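Undergrad: This is a predicted model, with the sequence first.
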Amino acid sequence: METIKTHILNQFKTLSIVTISMALSIILLMIRMKLNQSFYLLFLVWNLFLAIIPFVITTVLSSKPKNHKLTFLIAFSVWLLFLPNAPYIITDLLHLTNGKPHLLWLDVLVILSFAFNGLILFFLSLSDMEKLLKQHVKPKFIFPILLSIFGLTAFGIYLGRFLRYNSWEIISNPNYLLNDIMHIVIQPMANKEVWLFTILFGTFLNIGYLVFRKSAY
């Protein structure tokens, strides 16, 4: 517990800015609900909560001097399972068609604010995970693993947004999920949109992370 506190104190500036940014998102949503007299878009709060989970996992792992390989492998698997929830919020822009036309600008601001926080949490968590991977994996494997993470994240976002799967359904409802995944993999030509989305969104996340990492150092 003491090491976690120390790590949080070391990252205090970053955490403070992220917390302020998330608070602003909540305030914008409250203003939106007041003006529209509607609780629509309240689901963004839940989506943001899910986006925080992978960041919490890497924060806890980073607070320890050294993680046991098995512990790290389990934590990495859980982290990867929840990771798509962070950039997933970008796809909530699809809900812009359901608001009042004269307040469309506010809906754009609200969703972009939450999506921005999701992306920042994604980049911060991935940056921590990259450092953790260097403790357990040979340097030559880091880049391929990162590319795989971008691809799997984008694929996970597609499963969540368009096939409506949740992260925990790999445990609660694995048969349907695995059947759909196998269908997509075995019949790529019949699922061109899935692969196009995965490649383009994965590339977007990759470039975004490179810009983030370049500006952070």
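TA: Noted; the coordinates are in hand.
Undergrad: any idea which element the most centrally placed residue in the chain lies in?
TA: The centre of the chain sits closest to A86, judged by CA atoms, centre = their mean, with a distance of 1.8 Å. Taking DSSP states H and E as the definition, A86 sits inside helix 85-88.
Undergrad: Run through who's touching that helix.
TA: Around helix 85-88, the neighbours that count as contacts under CB atoms under 8 Å, 6 or more residues apart in numbering are 47, 50-51, 53-55, 115, 118-119, 121-122, 125, 153, 156-157, 160-161, 167, 201, 205. (Glycine included, C-beta is placed from N, CA and C.)
Undergrad: what's the average pLDDT for the helix ranked longest in the chain?
TA: Assignment by DSSP state H gives helix 104-136 as the longest helix of the chain. When the per-residue pLDDT values of helix 104-136 are averaged, the result is 96.
Undergrad: Could you list the buried residues of that helix?
TA: Within helix 104-136, the residues that qualify as buried by neighbour count (16 or more other CB atoms under 10 Å) are 106-107, 109-130, 132-133.
Undergrad: swap in stretch 159-173?
TA: By neighbour count on 16+ other CB under 10 Å, the buried set for stretch 159-173 is 159-161, 165, 167.
Undergrad: same question, stretch 147-163
TA: Using 16+ other CB under 10 Å as the burial criterion, the residues of stretch 147-163 that qualify are 149-161.
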